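> sequence and predicted model, in that order:
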Amino acid sequence: MLELKNVSFQVDAEGAEKEIVRDITLTVPERKLIVVTGPNGGGKSTLARLIAGIEKPTGGRIFFGGEDITEKSVTERARMGIAYAFQQPVRFKGIRVVDLIRIAAGKTVTAAEACDYLSSVGLCARDYVDREVNASLSGGELKRIEIATVLARHAKLSVFDEPEAGIDLWSFRNLIDVFRNMRETIADSSILVISHQERILNIADEIIVIKDGRVEKQGTREEIYPSLGADSAEAPACDRLLKTMDLPSREAHDGKPKPGEPQNDAGKCEKAGKTVN
Ligand SMILES: Nc1ncnc2c1ncn2[C@@H]1O[C@H](COP(=O)(O)OP(=O)(O)O)[C@@H](O)[C@H]1O
Ligand SMILES: [Mg+2]
């Protein structure tokens with residue numbers, strides 16, 4: 001589906017040339033969930049921006065569905081079926097959340113459907129669907145809304161840059177189910193997730209480790225996962241901390257949070273009625 005051939009990205013940083021992405025060759029096949037991981041500053045977000053067309057490579061070519069898209073704009077790539085969720089989302093001020101989801105979907109979306117997308121990312125749909133996207137939203141809320149818009153796109157290739165950022169543990173578990181479900185239900189689509197989270201690495205079909213702008217390792221989860229040592233930069237402290245917290249697993253109690261467990265906003269409210277226009 002997506003192929004990067006010898007892709008490089010160089011910038012002029014204070015007069016000196018800096019190579020952020022170095023000669024990366026990789027393939028994202030159809031119906032696969034690929035997880036890109038690796039130390040901070042390794043070039044992962046830059047790689048995602050190159051795929052989405054926000055940055056243009058200074059070397060190499062990018063192909064999507066066999067077509068060379070290297071020179072295509074963000075909009076053209078979006079039309080071809082590439083959806084991208086930023087590590088730090090943009091605020092589209094003054095627009096309602098429901099309309100943002102409708103624009104993303106590019107088709108009629110009922111209020112109930114919009115609510116389903118919001119609930120998938122752990123937001124209480126009733127509280128958010130009719131709200132304006134403005135400064136009153138926290139970074140985490142904005143991030144979830146953006147993930148909801150990517151879900152609504154049903155794109156051929158969905159790219160998520162660190163979706164875990166700003167998401168509480170409970171919603172995060174739901175999100176993993178959403179990713180799993182996406183992979184299984186969207187025909188011929190693929191998902192590329194940039195993440196440090198063990199739980200996401202665990203559902204990957206393939207793992208790519210990016211370090212110093214290069215592909216350090218690439219292979220199936222079975223091949224790569226064991227080599228990501230628990231103390232390595234790829235398995236961040238946050239995940240190790242979560243393990244020590246001994247939180248009950250979702251399966252153990254019918255999907256309902258236990259007292260003291262992080263609450264999922266979506267669980268506390270009903271879906272919005274059909275009054276939203
Ligand atoms: N446009 C740019 N100009 C200069 N430096 C950049 C630019 N984009 C990214 N970088 C640098 O490139 C490195 C890789 O960044 P990034 O892709 O965000 O890494 P990651 O997502 O793996 O943490 C960082 O050191 C970052 O500061
Ligand atoms: Mg990043």
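That came through fine. Ligands and ions are numbered 1, 2, ... in the order given.
> which of the three states applies to residue 57?
Assigned with DSSP: H, G, I helix; E, B strand; the rest coil, residue 57 falls in the coil class.
> for it, grab the count of nearby residues.
Residue 57 has 20 neighbours, counted by other Cβ atoms under 10 Å. For the C-beta atoms, the positions are set from N, CA and C on the backbone; glycine is no exception.
> again with residue 201
Count around residue 201 with other Cβ under 10 Å applied: 20.
> over to residue 203?
When neighbours are counted by other Cβ under 10 Å, residue 203 comes out with 17.
> surely it is in a strand?
No. Assigned with three-state DSSP, residue 203 falls outside any strand and is coil.
> just the element for the closest residue to it other than its chain neighbours, please.
Spatially, and ignoring its direct neighbours in sequence, residue 203 is nearest to residue 180 (5.7 Å; Cβ to Cβ, 6 or more residues apart in numbering). Per DSSP states H and E: residue 180 is located in helix 169-185.
> need the next SSE after that helix, C-terminal direction.
In N-to-C order, the element after helix 169-185 by DSSP H and E is strand 190-194.
> mind checking if that following strand is in reach of ligand 1?
No. Using Cβ under 6 Å from any ligand atom, strand 190-194 never reaches ligand 1; the gap is at least 6.8 Å.
> residues making contact with that strand?
Defining contact as Cβ atoms under 8 Å, 6 or more residues apart in numbering, one finds that strand 190-194 is touched by 1-2, 28-37, 44-45, 47-48, 51, 87, 156-163, 179, 182-183, 200, 204.
> ok, now stretch 9-26?
In this structure, residues lying in contact with stretch 9-26 by Cβ under 8 Å, 6+ apart are 3-8, 43, 46-47, 50, 55, 57-60, 208, 210, 212-215, 218.
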